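Novice: Need the 3D shape of this:
(one chain, ligands or ions: 1)
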Amino acid sequence: MTNQRKEAAARLNVLRQEISAHDHAYYVLDQPQITDYEYDQLFAELIALEQQFPDLVAPDSPSQRVGGTPLEKFEKLEHRTPMLSLQNTYSPEEVRAFAERVSHLLDGPRPVEFFCEPKLDGLALELIYEEGSLRRAITRGDGSVGEDVTSNIKTIKAIPLRLTSPSPPKLLEVRGEVLMFKESFRRLNEWQEENGLPAFANPRNAAAGSVRQLDSKITAQRQLHFFAYAVGVVEGPSLSSQHQLLESFHRWGLPTVTADLTCLAPHVDEAIAYYVALEGRRHQLPFEIDGTVIKVNSFEQQRQLGMVARSPRWATAAKFKPEEAQTKIVDIVVQVGRTGALTPVAVMEPVKVGGVTVTHATLHNQDEVERKDVRVGDTVIIHRAGDVIPEVVRVVTEKRPPKAKPFTLPPNCPVCGEPTERAEGEAVSRCTNSLCAAILKGSLRHFVSRRAMNIDKLGEKLVDQLVDAGLVTCFSDLYRLNADSLLSLERQGQKSSANILASIENSRKPTLNRFIYALGIRFVGEQTAKSLALRFGSIESFLNASEEELLSIDDVGPVVAGAIVAALKRKSFVKEVHRLIESGLKVQSTSRPRDGAKLPLEGLNIVVTGTLPLGRDEVKDLITSMGGKSASSVSKKTHYVLAGEEAGSKLDKARELGVPVIGWEQFQALLKN
Ligand code: IVH
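Specialist: Modelled structure (predicted):
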């Protein structure tokens, strides 16, 4: 080995370990130790070195997380020991009966302890670690044979490519669940619908669909998570209980649900109390669960109990009440979105599901309507999962009125009357009229939205009024509005007009990433907008981007690049950007500090609470752009709590943990550092 190679190999080793440790801190512990910028620097160094010495790329290098060449199909692999299923129980009484069966079968002097966990509603997966290194990831499949999804699973940052323990087990088969958090699911579906792609029915389907992608680059873009809860074959350590197993997972750097979500129950009464309490908490959790799994804690007792059919006798899945309800469809209306996409929406007789009254359910598109054969007048079963828009599960056909007719989307746009079009291979029909009021209204709503230009006083109703009155025909018209034009609208007074104008005024200095996102280019979500801003730095250089330059960006593939190039070629698009700039918009260029230069908030974790002079998102943006991190909850790792007026429980938490609380002025002082 040449000296240069040796040095590279050593440096690569250090980089891999450091990056893995930061991934763990960020994705598993939720306690980042460095800024995104510093992380990116480490990663860039790793990639550069590996490009120089391709044969030094280890299979467990963090660079392997970005996804590789698409597969033709997944290979089938057999599980060394079968992945079992669980027998269900549906009430405290049934759980008690389960516990009695267990005690009866064991019939020993030792009392039976139970370990209770959430029943995670995702996709079961087996991870195989050899000598501490992730070798394979296999889906559960039918329990005996699953699919090899290793390259997809490597893109999930919460899953360690190497176990952290200095003396890892020789062989460790970890079993757990891949999940998509509710928030990521909501965003993914928004994105799918905006881009004319079919929406996922629930987070579980979204997680499963993402894991079973033949193109791992797509999996890499989905935000997936993983929690470990069981083992297959283990060589090395001896484990004596479920409780101890979860602690060992933690030591090995494997993510598990937090301890406050589990319970070691010395008696079945505690297990039942946990089951009832967890059902009450299910909607507050960031991911979906559909029950609790109650397991005999001792592995010795588990062995004595054994299994029956394909389920262990030592565990039960105590399920929650389903979140389904029956109601009647009174109408099907058609909404037109900002990309012109037509979405059929069922209007229903109000009904309570999971404690919330619902009246609307999305039917997604024509194919979905046909697949479920949903008609006006039908009685349907609807499902509402968490905070997600309710869905029609199925029609109760026995209750269908004799004259109910099948539903078809209209051939013309219900808003402007122009013909609609359904491109080949797409699920969605679109209005073809770029001047359609619905498209304009949708684009404006996106433009002013909180995560885009954040013009918070311009609500949906006002946007509609402005378009209907002909006062706004494009984004830049917003910046030409004055008090007179606003006062000409119905129900607009002096005070609210002044507030609206002030809120427009406040949006005149957007960051480049927000501005690019606000423009609403097809397929360009927030994340892509950030990458574009980082790559091009200024709006001028973004407007001159070539397809080649776009493709050189990590999360930009041919489809996204194509959509951007198409937008940049459209004269009306470029002209509108220029009009925005001419109307006084000052887009803030994205600058990176010179090598070695420090940003004022570098290394600081700041939690924001209460009402501040800037909006919550703007403050968070400011913190990140100055090198800091802003988490949503206070922990020991928080450096400061920035508190505005009416700050609530976060303030108490800060006091409890002794975290310094600062006000707006002290925060400004920090920025000047
Ligand atoms: S233990 C033999 N623990 O439930 C039991 N399973 O019906 C091995 N699941 O396929 C699994 N949360 O997908 C276990 N905390 C948990 C779980 C859990 C969800 C799923 C898993 C399994 C299914 C069994």
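
Novice: Enumerate every residue touching residue 519.
Specialist: 447, 475, 567, 573, 577 (C-beta atoms under 8 Å, 6 or more residues apart in numbering). Where you see a C-beta, it was placed from the backbone N, CA and C, and this is true even at glycine.

Novice: Please convert the buried members of the residues you listed into PyMOL selection syntax.
Specialist: Buried residues within the contacts of residue 519, by 16 or more other C-beta atoms under 10 Å, are selected in PyMOL with:
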select buried, resi 447+475+567+577
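
Novice: By mean pLDDT, which helix or strand of the chain comes out lowest?
Specialist: The helix or strand of the chain with the poorest confidence is helix 616-625; it has a mean of 79 (mean pLDDT, DSSP states H and E).

Novice: Could you name the helices and strands sitting against the following helix or strand past it?
Specialist: Downstream of helix 616-625, the next assigned helix or strand under DSSP states H and E is strand 640-643. Judged by 3 or more C-beta pairs under 8 Å, 6 or more residues apart in numbering; DSSP states H and E, strand 640-643 is in contact with strand 606-609, helix 649-657, strand 661-662, helix 664-671.

Novice: what does whichever strand or helix holds residue 504 rub up against?
Specialist: When elements are assigned from DSSP H and E, residue 504 belongs to helix 494-505. With contacts defined as C-beta under 8 Å, 6+ apart, helix 494-505 is touched by 455-458, 462, 478-479, 481-483, 486-487.

Novice: Now with 10 Å, please.
Specialist: 448, 453-459, 462, 466, 478-489, 492-493, 584, 615 (C-beta atoms under 10 Å, 6 or more residues apart in numbering).

Novice: So which of those are in strands?
Specialist: Per DSSP state E, strands hold no members of these.

Novice: If we check the ligand, which of those residues are in contact?
Specialist: Checking those against the ligand by C-beta under 6 Å from any ligand atom, not one of them is in range.

Novice: Of the residues you listed, which count as buried by neighbour count?
Specialist: The neighbour-count test (16+ other C-beta under 10 Å) marks 448, 453-458, 462, 466, 478-479, 481, 485-486, 489, 492 as buried among the contacts of helix 494-505.

Novice: Spell out which parts of this structure neighbour the ligand.
Specialist: 84-86, 117, 119-120, 124, 140, 177, 229-230, 293, 312, 315, 317.

Novice: one step back: of the contacts of residue 519, just say which sits nearest to the ligand.
Specialist: The ligand lies nearest to residue 447 out of the contacts of residue 519, by C-beta to the nearest ligand atom, at 41.7 Å.

Novice: got JSON lines for the helices and strands packed on strand 640-643, with mean neighbour count too?
Specialist: Below are these laid out as JSON lines (neighbours: other C-beta atoms under 10 Å):
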{"stretch": "strand 606-609", "mean neighbour count": "23"}
{"stretch": "helix 649-657", "mean neighbour count": "15"}
{"stretch": "strand 661-662", "mean neighbour count": "16"}
{"stretch": "helix 664-671", "mean neighbour count": "14"}
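
Novice: Adding mean pLDDT, write those out as a markdown table.
Specialist: Shown next, in a markdown table, are the helices and strands packed on strand 640-643 (pLDDT from 0 to 100):
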| stretch | mean pLDDT |
| --- | --- |
| strand 606-609 | 91 |
| helix 649-657 | 86 |
| strand 661-662 | 92 |
| helix 664-671 | 88 |
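
Novice: Put together JSON lines for these, with distance to residue 504 on each row.
Specialist: Formatted as JSON lines, the helices and strands packed on strand 640-643 follow (distance: least, C-beta to C-beta, whole Å):
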{"stretch": "strand 606-609", "distance to residue 504": "24"}
{"stretch": "helix 649-657", "distance to residue 504": "31"}
{"stretch": "strand 661-662", "distance to residue 504": "30"}
{"stretch": "helix 664-671", "distance to residue 504": "23"}
